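**Student:** Turn this into a model:
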Amino acid sequence: MALLLFYPLVIVLGILSMGFQMLASRLINPHFGSTIVEWSWLITTFLTAFSVGSVLGGWVSSQPATRRGGWQVAIAVTGVVSLAVTAFFSKRMLDAIELHFIPDVAQMNDQGGAGMNAAVLLSCLALFFVPVTALSSFGPQCVGWLAARGTAPGKASGVVYGVSTLGNIAGVMLTTFVLIPHFPLSQLMRGWLAVATVSLAALIVLLRPAAGKISPS
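**Tutor:** Below you'll find the predicted structure:
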């Protein structure tokens, strides 16, 4: 029964992560356009968040069982709160960043200018880095959960990240071709927040029973 819940949750995490990248591009497009500059900083931010989240998740997995649950809750709450900030306050934040770094149209057209780079980078870090890091941190913990139930560590890693990547693919395609064309962006962001909240809460409940069975080396 646990596995029946486990794999769909891993897929949903993948959908949330990469689908969020497509939503992120739509959020910043009205302010900075859809240029190679914007996409370079956006992709870099998400890849950095994936990397930091993986390291953070590995560290949480190595903690004693008595402390692991607390870290899981703290990271999940941080991810949900930061996603809520993005969902409800992104326009105000982007307006303020654009006004500060790119006060006139001439600078906006200078796609390689320092103002444009600084504005897009700050926007990506402020709106997307923290929630994606939080989501990514649960990948290594899912590997540990599966390994604790008898799956060889290498196989557990391959299965989790393989299934998660299928979720990534589904997230890109579903968001791009189904969700964005048919729903307002504000509604999608609120939907992302709701699904992330439920999914992370379910993951914490699922991962906790394994905590007492894993003794960090």
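**Student:** Give the buried residues for the biggest helix by length in the chain.
**Tutor:** Secondary structure of the chain per DSSP state H: the longest helix is helix 65-101. Within helix 65-101, the residues that qualify as buried are 68-69, 71-72, 75-76, 79-80, 82-87, 90, 93-94, 97-98, 101, counting by 16 or more other CB atoms under 10 Å. C-beta: built from backbone N, CA, C; applies to glycine.
**Student:** helices or strands up against that helix?
**Tutor:** Packing partners of helix 65-101 (3 or more CB pairs under 8 Å, 6 or more residues apart in numbering; DSSP states H and E): helix 2-32, helix 36-61, helix 114-124, helix 130-136, helix 138-147, helix 185-211.
**Student:** Just put the ones you listed in TSV and tack on mean neighbour count.
**Tutor:** Output for the helices and strands packed on helix 65-101, formatted as TSV (neighbours: other CB atoms under 10 Å):
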stretch	mean neighbour count
helix 2-32	19
helix 36-61	18
helix 114-124	20
helix 130-136	25
helix 138-147	24
helix 185-211	17
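**Student:** Redo these as JSON lines? Include mean pLDDT.
**Tutor:** As requested, the helices and strands packed on helix 65-101 are exported to JSON lines (pLDDT from 0 to 100):
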{"stretch": "helix 2-32", "mean pLDDT": "94"}
{"stretch": "helix 36-61", "mean pLDDT": "96"}
{"stretch": "helix 114-124", "mean pLDDT": "91"}
{"stretch": "helix 130-136", "mean pLDDT": "98"}
{"stretch": "helix 138-147", "mean pLDDT": "94"}
{"stretch": "helix 185-211", "mean pLDDT": "90"}
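**Student:** Can you tell me which of these is nearest to G167?
**Tutor:** helix 2-32 (2.1 Å; CB to CB).
**Student:** gap between that closest one and the chain center?
**Tutor:** 7 Å (CA atoms, centre = their mean, to the nearest Å).
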